[in-house]
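> A structural model of the following input is requested.
(2 chains)
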Amino acid sequence: MKIERILTRIYDPRSPNDPRRDPDVNNIVSSSVDICCFEISPKGIEMLWRTVPKISNRILLCLSEDICSQVLSFCNSKSIKEGVCIHSPIIKLGLQDELFLNNNLLSLYAKCFGLEHARHFFDEMLYKDVVSWAGMLSAYVRQGNHEEALELFDFMKTYGQYPNEFTLSSVLRSCSALKEFNQGTQIQAYMIKTGFESSPVLGSSLINLYSKCNCFEEAYKIFTCVNNRDIVTWTTMMSSFVQAQNWSQALLFFSDMIKAGVPPNEYTFVKLIEASISLGSACGKLIHAQLIRWGVELNLVLKTALVGMYSKCGRMEDALKVSNQTSEFDVFLWTTIINGFNQNLKFRDAIAAFREMMISGVVANNYTYSTILNACSSILALELGKQIHSQVIMAGLENDASVGNALVDVYMKSPHMIEDALRAFKGITSPNVISWTSLIAGLAAHGLEQDSFQAFYQMQLVGEQPNSFTLSSILGACGNINSLTQTRKLHGYIIKTKANDDIVVGNALVDVYGRLGMVDDAWGVISMMNRRDAITYTCLATRINQMGYHEMALNVITHMHDDSVKIDEFSLAGFLSASAGLGAMELGKQLQCFSVKSGLGSWISVSNSLVDLYGKCGCIQDARRAFKEISEPDVVSWNGLMHGFASNGHISSSLSAFEDMRLAGVKPDPITFLLVLFACSHGGLIDLGLEYFKSMTETHGVTPQLDHYVCLVDLLGRAGRLEEANGVIETMPFQPDALIYKTLLGACKLHGNIPLGEDMARRGLELDPSDTAFYVLLANMYDDCGRSDLGGQTRRMMRESGLKKNPGQSWMEIKNTVHLFTAGDITHPLVDEVLKEEISSSI
DNA sequence: TTAGGGTTAG
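Numbers count the residues shown, from 1 in each chain, chains lettered A, B, ... in the order given. Predicted coordinates:
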């Protein structure tokens, strides 16, 4: 019989048989309950209990204790919230102190009406048994209220209730979540005393506790002691291997589990997938295949784990394919997809996915907002960032740390929104270490290093301890302003707090000492580090290379090799750049062979360095070929090609490369325009150069920097348009530096304009009295104009002020060895270039 | 026939 039909008979007011007059009502209700409980869908029960309070007392009284128990346990097992309606008949039947009924009701309150209702009900219970305590405990644990769970457990003991397996497992879960190791081991001692030690349930909880507290060996010992290990015991142990980042062990353990005759389930696969991520996409695919082979159903969590795995392996298409295999989508899955796009640098797709999620009606949470804000920050979509910010406010999430941090990051990306970033920071209720780090890094990126130091001290004042990222950001700020004092102070702090055990901090220290030109100190840090990686050596080599010590930079390769650190795409690019700086063609070629063998050649950083290498070595055909091999050249590739052409005198090729770049849809950057202006200047293409300079702001949205004005002055100066060049210096929106005066002085020398040249030398020396180039250029200008008397006088002045010119140097490679030459009196970097060209053509 | 262990996003 269908429940709906019976209910209609009872409740339909148009029914000729009013239930209150029905002599068989007791049977009907009883039979209907029987049907509800054992045959009919939860919907039927729901319909029944929605209307129960409307039924007369007589019918309610017809419900027996037995029926109440059956219905309640049914409702409880299915989490049917209407089941609590039976509370009132229970009272009317005088059954309010029946433990079984109350424990069921407690569980239902906890599941459907929240912790407060449940706790209220629990406190009102006159009698409590261990099941009541376990029910309340598990409610706290399920909701993640672990502190309250542990408090309740203490209360239970003072109440005189002995714990059993159920209560212990809940408490162990809270201990794991709170990393309450000592309390956990006290429970373990109690387990040993009471003989629960080998229980698979408590064993799993203990394995979890030890793993969460990073005691992996002990966790494994417990696993070996558990009797009748089930799938949960095995999966918990596998989870422990994954947490210990022992990926291969996790996979080997899987085969042990199969051999032990325990079939895997969806939980097992979630962990296997996580382990496979670090072992590469082939391994991930293998696990996916196993999952299908074992016939494990694709639930949302599993699907999310697979999507995460494929996106982390750079296989976004596979990730999307998996996500569409079932129609279930929740906020976890969407956030993983959006984040997957971010990881694969497909920020526009991330934004599109976010929109799709909103349309589908899934509500974004704090994680989703922080992820989408990261996408906005990465592509500088500041307007969208502001829109998302208003959504965040509407959702009441602006106080959340992860959202606030992402907002700080977005606003810090704009040169004009620092106030908004500070406001976003102040809006975070409890700023965490990431919030402070975003603030510190953002301030440093805006050139507000002193403010970032201030924030660094303030965070410590409020009791937030810096982590490795904070320290590397603040060390970056020290490097920006070349502050040895701050660096030393921080280095002391790092040693004191033992933060130098962290490789990120060690690398940042190496970098800052490198930037300060203190190579010995950088090596000192390296020798103290527990472990070094490719980043350590790349930082060192790059900084040494920037100082001009290309050969010393290349020596780092040997140190890396001795330290068994593999060369990666970044270090290789750095070494290629050092070879380029040295003009060491043979070594560069060896490195290129290595790039092919190691498979690193497909990285654009490596290809770009090759273009640069060949360009700097004057092998323009090789540079062109290296460029052609790049499947999707970026702005750096194009800049490399243009530089190769221009520095080898192929002015028109350089400028046509610029036009090709525009046609290819690659956006020029400030460096591109330096190269364009350089090419025009060297090709005597004055008007074209001026056109390009104008187009920077008007067409390309690139704001000229001081460097560009230097190029402009060079362009006009070389052409003899000295007054115009001087006008540029007078009217540009920057304070002139020594270089720009030097540039115009060089032009004055070329065109014999003594008064302007003298003026430039005077202004330049005011800025930097120790720069010998002014004296040398000035003296040479006098000589060229037939005023050797003044030339000699200038040189004397220089000597009298204690200044000595650094000798110009050049080098050439003969039979794999680079030979350094020191020239007698080379005054200008351009002359150096000429000499280098002469040397290379004479070989 | 009430209470328990292992899973996903930054």
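
> what pLDDT does A:Ile192 get?
We have a pLDDT of 93 for A:Ile192.

> For the host helix or strand of it, buried residues please.
Applying DSSP states H and E as the criterion places A:Ile192 in helix A:181-194. Residues of helix A:181-194 classed as buried: A:Phe181, A:Gln183, A:Gly184, A:Thr185, A:Ile187, A:Gln188, A:Met191 (neighbour count, 16 or more other Cβ atoms under 10 Å). C-beta: built from backbone N, CA, C; applies to glycine.

> quick one: the fifth one from A:Pro89, how far?
Think A:Ile187. 40 Å (Cβ to Cβ, to the nearest Å).

> quick one: A:Gly683 and A:Ser653 touch, right?
No - under the criterion of Cβ atoms under 8 Å, A:Gly683 makes no contact with A:Ser653, lying 10.6 Å away.

> In chain A, where's the longest helix?
Looking across chain A with DSSP state H, the single longest helix is helix A:99-124.

> Follow the chain on from it and name the next helix or strand.
helix A:130-142.

> Which element, helix or strand, includes the nearest residue to A:Tyr140 once chain neighbours are set aside?
The shortest distance from A:Tyr140 to any non-neighbouring residue, by Cβ to Cβ, 6 or more residues apart in numbering, is to A:Ala149 (3.9 Å). Element membership of A:Ala149, judged by DSSP H and E, is helix A:146-159.

> Likewise for A:Asp521?
helix A:519-528.

> Could I get the average pLDDT for that helix?
In the prediction, helix A:519-528 has an average pLDDT of 95.

> Please identify the buried residues of whichever helix or strand comes after that helix?
Using DSSP H and E, the helix or strand that follows helix A:519-528 in sequence is helix A:534-546. Buried residues in helix A:534-546, counted by 16+ other Cβ under 10 Å: A:534-546.

> do stretch A:639-652 as well
For stretch A:639-652, burial by neighbour count (16+ other Cβ under 10 Å) applies to A:Asn639, A:Gly640, A:Leu641, A:Met642, A:His643, A:Gly644, A:Phe645, A:Ala646, A:Ser647, A:Asn648, A:His650, A:Ile651.

> Nearest to DNA strand B, out of those: which one, please.
A:Asn639 (30.9 Å; Cβ to the nearest atom of the strand).

> so how far is A:Val322 from A:Trp247?
Going from A:Trp247 to A:Val322 by Cβ to Cβ gives 21 Å.

> the more surrounded of those two?
Neighbour totals were compared for A:Trp247 and A:Val322, and A:Val322 leads with 22 against 18 (other Cβ atoms under 10 Å).

> Wait, a strand at that one?
No - the assignment for A:Val322, made by DSSP: H, G, I helix; E, B strand; the rest coil, is helix rather than a strand.

> that older thread, which of the buried residues of stretch A:639-652 fall within strands?
Judged by DSSP state E, strands contain none of those.

> tell me the domain ranges of chain A?
Taking automatic domain parsing as the domain assignment, the ranges for chain A are A:1-111, A:806-843.

> Quick check: pLDDT value at A:Phe28.
Let me fix one detail, which is that residue A:28 is Ile and not Phe. A:Ile28 is given a pLDDT of 43.

> For the stretch 1-150 of chain A, list the residues in contact with DNA strand B, please.
Residues of the stretch 1-150 of chain A found near DNA strand B (Cβ under 7 Å from any atom of the strand) are A:70, A:73, A:76-77, A:99-100, A:103-104, A:107, A:130-131, A:134-135, A:138, A:141-142.

> now these: which count as buried?
The neighbour-count test (16+ other Cβ under 10 Å) marks A:Gln70, A:Ser73, A:Asn76, A:Asn103, A:Asn104, A:Ser107, A:Val130, A:Val131, A:Ala134, A:Gly135, A:Ser138, A:Val141 as buried among these.

> Now these in JSON lines, please, with extra columns for pLDDT and distance to A:Val201.
Converted to JSON lines, those look like this (pLDDT from 0 to 100; distance: Cβ to Cβ, whole Å):
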{"residue": "A:Gln70", "pLDDT": "79", "distance to A:Val201": "27"}
{"residue": "A:Ser73", "pLDDT": "87", "distance to A:Val201": "22"}
{"residue": "A:Asn76", "pLDDT": "90", "distance to A:Val201": "21"}
{"residue": "A:Asn103", "pLDDT": "97", "distance to A:Val201": "20"}
{"residue": "A:Asn104", "pLDDT": "96", "distance to A:Val201": "22"}
{"residue": "A:Ser107", "pLDDT": "96", "distance to A:Val201": "18"}
{"residue": "A:Val130", "pLDDT": "97", "distance to A:Val201": "15"}
{"residue": "A:Val131", "pLDDT": "97", "distance to A:Val201": "16"}
{"residue": "A:Ala134", "pLDDT": "97", "distance to A:Val201": "13"}
{"residue": "A:Gly135", "pLDDT": "97", "distance to A:Val201": "17"}
{"residue": "A:Ser138", "pLDDT": "96", "distance to A:Val201": "13"}
{"residue": "A:Val141", "pLDDT": "96", "distance to A:Val201": "14"}
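
> Can you give me the distance of the closest residue to A:His117 other than its chain neighbours to DNA strand B?
Excluding its sequence neighbours, the residue lying closest to A:His117 (Cβ to Cβ, 6+ apart) is A:Tyr109, at 4.8 Å. For A:Tyr109, the distance to DNA strand B equals 12 Å [Cβ to the nearest atom of the strand, to the nearest Å].

> Check A:Tyr109 and give its pLDDT.
We have a pLDDT of 95 for A:Tyr109.

> do A:Ile90 as well
pLDDT recorded at A:Ile90 is 86.

> For it, give me its contacts.
A:Cys68, A:Gln96, A:Glu98, A:Leu101, A:Leu105 (Cβ atoms under 8 Å, 6 or more residues apart in numbering).

> how about the residue most central in space within chain A, what does it touch?
In chain A, the residue lying closest to the centroid (Cα atoms, centre = their mean) is A:Gln343, at 8.3 Å. Neighbour list for A:Gln343: A:Ser311, A:Lys312 [criterion: Cβ under 8 Å, 6+ apart].

> Quick check: the gap between it and DNA strand B.
For A:Gln343, the distance to DNA strand B - Cβ to the nearest atom of the strand - is 7 Å.

> Tell me, how many residues neighbour the residue of the stretch 501-650 of chain A found nearest DNA strand B?
In the stretch 501-650 of chain A, the residue that lies nearest DNA strand B is A:Val504 (16.4 Å; Cβ to the nearest atom of the strand). The tally of other residues near A:Val504 (other Cβ under 10 Å) stands at 15.

> Check the one 5 residues further on too.
By the other Cβ under 10 Å criterion, the neighbourhood of A:Leu509 contains 30 residues.

> just checking, it touches A:Val525?
Yes - between A:Leu509 and A:Val525 there is a contact at 4.6 Å, judged by Cβ under 8 Å.

> joint contacts of the two?
A:Asn500.

> follow-up on the earlier one: mind picking the two most distant members of the residues of the stretch 1-150 of chain A next to DNA strand B?
A:Gln70 and A:Val141 (27.7 Å; Cβ to Cβ).

> And the residue nearest to the centre of chain A, how close does it get to A:Ser579?
Distance of A:Gln343 to A:Ser579, given as Cβ to Cβ: 32 Å.

> How about A:Leu99?
Taking Cβ to Cβ as the measure, A:Leu99 falls 82 Å from A:Ser579.

> first vs last residue of stretch A:92-103, how far apart are they?
18 Å (Cα to Cα, to the nearest Å).

> Which positions within that stretch qualify as buried?
For stretch A:92-103, burial by neighbour count (16+ other Cβ under 10 Å) applies to A:Leu93, A:Leu95, A:Glu98, A:Leu101, A:Asn102, A:Asn103.

> what about the strands in chain A?
A:809-814, A:817-822.

> residues near the residue nearest to A:His117, how many?
A:Tyr109, neighbours per other Cβ under 10 Å, totals 25.
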